[in-house]
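Trainee: my questions concern the predicted model and sequence given below.
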Amino acid sequence: MAAPLSVEVEFGGGAELLFDGVKKHQVTLPGQEEPWVIRDLLVWIKKNLLKERPELFIQGDSVRPGILVLINDADWELLGELDYQLQDQDSILFISTLHGG
Amino acid sequence: MPQPWLPLPVSGQNLCQDAAFKDGIWDCFRAFYVHKFRAVLGKNRLIFPGEKVLLAWSGGPSSSSMVWQVLEGLSQDSAKRLRFVPGVVYVDEGAACGRSREDRAKTLTDVRQILQTLGFPWHIVTLEEVFALPPSVLRCSAQDPVGTVGTYKVAVDSFLQQQRTLAAEGLRGSPSSAQGEEQPSQPCTQDSQDPVGPPPAAQTEALSQLFNSVKTLTAKEELLQTLRTHLILHVARTHGYSKVMTGDSCTRLAIKLMTCLALGRGAFLAWDTGFSDERHGDVVVVRPMREHTLKEVAFYNRLFAVPSVFTPAVDTKASEKASIHRLMEGFLLRLQAQFPSTVSTVYRTSEKLVKAPRDGCAAGPRCLLCMCSLDVDSADSATAFGAQTQDFSQTPPPTPRAKAGAPAGPCCAAGLGGAPNCWQGTRPCGREGSRARVLEHLCYACRVTMKDVPCLDPLPPYILVEAQLRSQRPSAEIQEHLVENSDDEAPASGSGARGPPEQEGKEARAARDCINKNFFN
């Protein structure tokens, strides 16, 4: 059983528009059976943080192409993308490079 | 721990396999990023030392990065220092996007804060200022020869010589004082331009109405881009800038290339996506960020804290299918996710486009809005292509006399057998003559865009005036066939055409007499 995690989720490049304009969110993820991975985090964000237009942020079980994800200022592609296991005090940043926010 | 290289899709190369994962890698990245910027400028050799260059800053990541690169480039030691004289322009487009005054004011505060730290002269203009533009902004000025490689080298050598002389004479107190024509490094705001208060409400309202009347988001984006280009061009000309730098990144240009194809601008791809765009003659648009992908830009901005201001645009929060631009963006980015060489492939293709040689502005008529050479052949009226573009002009089928098929002229040509006022009452806007007068000067893509603008009257006056002026200067060929018609009146048969009094100039009268003679003899 994984312990609850505290992570910082940040949005930039216009993505914050979908989250009421709030850029930084300090998030406590509840404990669960399996360790938290980014895939789970996205589901959690969609359910708890996303205020509108989920299709502009999430596509399928990943983010929409054009949205960059940085985990602790490193490209998530280097860290396993959706399968990266979250650690306590991690910082996840979503930057939109799309025109439409 | 995976191998420490950044998957950068543009070059497809691994950056730095030896660097430590977190620390050294970023120095390597930074060096590469900056090098690319310098290399693009150096390779093309279009920007001469001491030249005034206007940086078009939208507040977005790419243009912010570009401005930052210029700032850093100017402050380096003299051997590697960038040598041109920059200024920055920011266009407040809030009226077109329906933003409130308070929001716009707030954004402008953030914008000013950043501009003040730059130290270049800056120009904040609102889109409403298009209502004050002169029609001359749509005319291509005599082309300034860009110069050969030889000229560039000579210019650089003489500039360096000048610097050495100044240094030898002991005038070099600080690096900035030996710059000659270049801006000193302290903030130079006497040349800056900032609106004192918000623009007149009537203009904001007019602009809002114009954009609200446009039926599709695609047309809105195109119209906005057109107006923005004209405005920036005007600022550049007024303040003596001979170059404008825009922050289009590799990703954006790849998307733009595909979008332009879909919009019918295939003939102008080389200008729309190339490094330099000389269509305006005296002011050349250059795109120094074209080798950087959006991903690199985003990383760089994040890591090196490049300030930017996010401004909602007309297409913010639009769905994927809302416009051709959004569709293409989604298509390319999705493809890129699966096939990481997509963007670079499209981009490399755009590099291979060669501009057809042009003799200068005089060669052929230009589109009123985008200022590219007109690609609509007026002789094509009988073809399907011609039929499409004449959908809104409704000229009658070519008769033996009107052999060129009067290009989008008002159709009620008395004497040609057409019914008088054949389309009166079919359109909400009654001024068919003025609409046709504008449309006949547009290229295919701009005509398609204007199809989604039901009434052209809300367009800023400089466009309508220039259209009128061009219509009154018919070419010799058109003079034979064009029948000038009044906007509202049914042309009486036999009496020839009569334009509204204010249009009648000597030229127009001469044309009319010529027409009358040809048609009614």
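Mentor: Everything's here; your move.

Trainee: low-confidence stretches in chain A?
Mentor: Counting by pLDDT under 70, chain A has low-confidence residues at A:1-2, A:99-101.

Trainee: nearest residue to the middle of it?
Mentor: The C-alpha lying nearest the average C-alpha coordinate of chain A belongs to residue A:42 (Cα atoms, centre = their mean; 5.3 Å).

Trainee: and the longest strand seen in chain A, what does it pack onto?
Mentor: Across chain A, the strand with the greatest residue count (assigned by DSSP state E) is strand A:5-12. Packing partners of strand A:5-12 (3 or more Cβ pairs under 8 Å, 6 or more residues apart in numbering or on different chains; DSSP states H and E): strand A:24-29, helix A:38-48, strand A:91-96. (Each C-beta comes from the backbone N, C-alpha and C, glycine too.)

Trainee: what's near enough to touch the closest residue to residue B:247 other than its chain neighbours?
Mentor: Nearest non-adjacent residue to residue B:247, counting by Cβ to Cβ, 6 or more residues apart in numbering or on different chains: residue B:63, 3.1 Å away. Residues in contact with residue B:63 (Cβ atoms under 8 Å, 6 or more residues apart in numbering or on different chains) are B:55, B:56, B:57, B:246, B:247, B:289.

Trainee: between these, which is nearest residue B:72?
Mentor: Using Cβ to Cβ, residue B:55 comes nearest to residue B:72 of those, at 13.2 Å.

Trainee: does the closest one count as helix, strand or coil?
Mentor: At residue B:55 the chain is in strand, as set by DSSP: H, G, I helix; E, B strand; the rest coil.

Trainee: burial count for residue A:47?
Mentor: Counted with other Cβ atoms under 10 Å in any protein chain shown, residues neighbouring residue A:47 total 9.

Trainee: swap in residue B:169?
Mentor: If we define neighbours as other Cβ under 10 Å, then residue B:169 has 9 of them.

Trainee: list the contacts for it?
Mentor: Contacts for residue B:169 were tallied using Cβ under 8 Å, 6+ apart; there are none.

Trainee: cool, residue B:294 as well?
Mentor: Applying Cβ under 8 Å, 6+ apart, one finds that residue B:294 lies in contact with A:66, A:97, B:61, B:62, B:249, B:250, B:251, B:252.

Trainee: turn the contacts of residue B:63 into a markdown table, columns for pLDDT.
Mentor: As requested, those are exported to a markdown table (pLDDT from 0 to 100):
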| residue | pLDDT |
| --- | --- |
| B:55 | 95 |
| B:56 | 95 |
| B:57 | 94 |
| B:246 | 94 |
| B:247 | 92 |
| B:289 | 93 |
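
Trainee: could I get those as TSV with neighbour count?
Mentor: Output for those, formatted as TSV (neighbours: other Cβ atoms under 10 Å in any protein chain shown):
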residue	neighbour count
B:55	25
B:56	22
B:57	27
B:246	22
B:247	24
B:289	27
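
Trainee: ok, the closest residue to residue A:89 other than its chain neighbours - contacts?
Mentor: Excluding the flanking residues, the one nearest residue A:89 by Cβ to Cβ, 6+ apart is residue A:6, at 6.4 Å. When contacts are counted by Cβ under 8 Å, 6+ apart, residue A:6 touches A:26, A:27, A:28, A:29, A:88, A:89.

Trainee: thought the fifth one was touching residue A:28?
Mentor: No. Here residue A:88 lies out of contact with residue A:28, judged by Cβ atoms under 8 Å, at a distance of 10.1 Å.

Trainee: list residues touching both of those two?
Mentor: Residues touching both residue A:88 and residue A:28 by Cβ under 8 Å, 6+ apart: A:5, A:6.

Trainee: can you pull out the helices in the stretch 1-150 of chain B?
Mentor: Here the stretch 1-150 of chain B has its helices, by DSSP state H, counting those that start in this stretch, at B:23-44, B:61-74, B:94-97, B:101-118, B:149-168.

Trainee: got the angle for the first one vs helix B:149-168?
Mentor: This means helix B:23-44. Interaxial angle, helix B:23-44 versus helix B:149-168 (axes from the mean of the first three to the mean of the last three Cα atoms, to 10 degrees): 120 degrees.

Trainee: list the strands paired with the longest strand of chain A, with their directions.
Mentor: Looking at strand A:5-12 with DSSP bridges, its partner strands are strand A:24-29 (antiparallel), strand A:91-96 (parallel).

Trainee: now what about the last one, what contacts it?
Mentor: This points to strand A:91-96. A:7-15, A:38, A:41, A:57, A:63, A:66-73, A:86, B:298, B:302.

Trainee: what residues does chain A have near chain B?
Mentor: Within reach of chain B by Cβ under 8 Å from any Cβ of the partner chain, chain A has these residues: A:12-14, A:16-18, A:53, A:55-56, A:65-66, A:68, A:70, A:73-75, A:77-79, A:93, A:95, A:97-101.

Trainee: can you do 7 Å?
Mentor: Neighbours of chain B within chain A, by Cβ under 7 Å from any Cβ of the partner chain: A:13-14, A:17, A:53, A:56, A:65-66, A:68, A:70, A:73, A:75, A:77-78, A:95, A:97-101.

Trainee: could you pull out the strands in the stretch 151-300 of chain B for me?
Mentor: Assigned by DSSP state E, counting those that start in this stretch, the stretch 151-300 of chain B shows strands spanning B:243-246, B:276-277, B:284-286.

Trainee: so the longest one, near chain A or not?
Mentor: No. Against chain A, strand B:243-246 shows no contacts by Cβ under 7 Å from any Cβ, the least distance being 14.8 Å.

Trainee: who does that strand touch, helix- and strand-wise?
Mentor: If you count contacts as 3 or more Cβ pairs under 7 Å, 6 or more residues apart in numbering or on different chains; DSSP states H and E, strand B:243-246 packs onto strand B:52-56, strand B:284-286.

Trainee: do you know which of those strands lies nearest chain A?
Mentor: Nearest to chain A, of all the helices and strands packed on strand B:243-246, is strand B:52-56, at 16.1 Å by Cβ to the nearest Cβ.

Trainee: could you list the paired strands of that closest one along with their orientation?
Mentor: Applying DSSP bridges, strand B:52-56 is found paired with strand B:85-92 (parallel), strand B:243-246 (parallel).

Trainee: touching that strand from outside, list them.
Mentor: For strand B:52-56, contacts defined as Cβ atoms under 7 Å, 6 or more residues apart in numbering or on different chains pick out B:47, B:63, B:66-67, B:70, B:84-89, B:232, B:235-236, B:240-246.

Trainee: run through the stretch 401-521 of chain B and note the low-pLDDT ranges.
Mentor: Along the stretch 401-521 of chain B, the model assigns pLDDT under 70 to residues B:401-432, B:474-521.

Trainee: for it, give the residue positioned nearest to chain A.
Mentor: For the stretch 401-521 of chain B, Cβ to the nearest Cβ, closest residue to chain A: residue B:449, 17.9 Å.

Trainee: that residue touches residue B:219, doesn't it?
Mentor: Yes. At 4.8 Å, residue B:449 counts as touching residue B:219 under the criterion of Cβ atoms under 7 Å.

Trainee: neighbour-wise, which of these two wins?
Mentor: Between residue B:449 and residue B:219, counted using other Cβ under 10 Å, residue B:449 has the larger neighbour count: 26 against 20.
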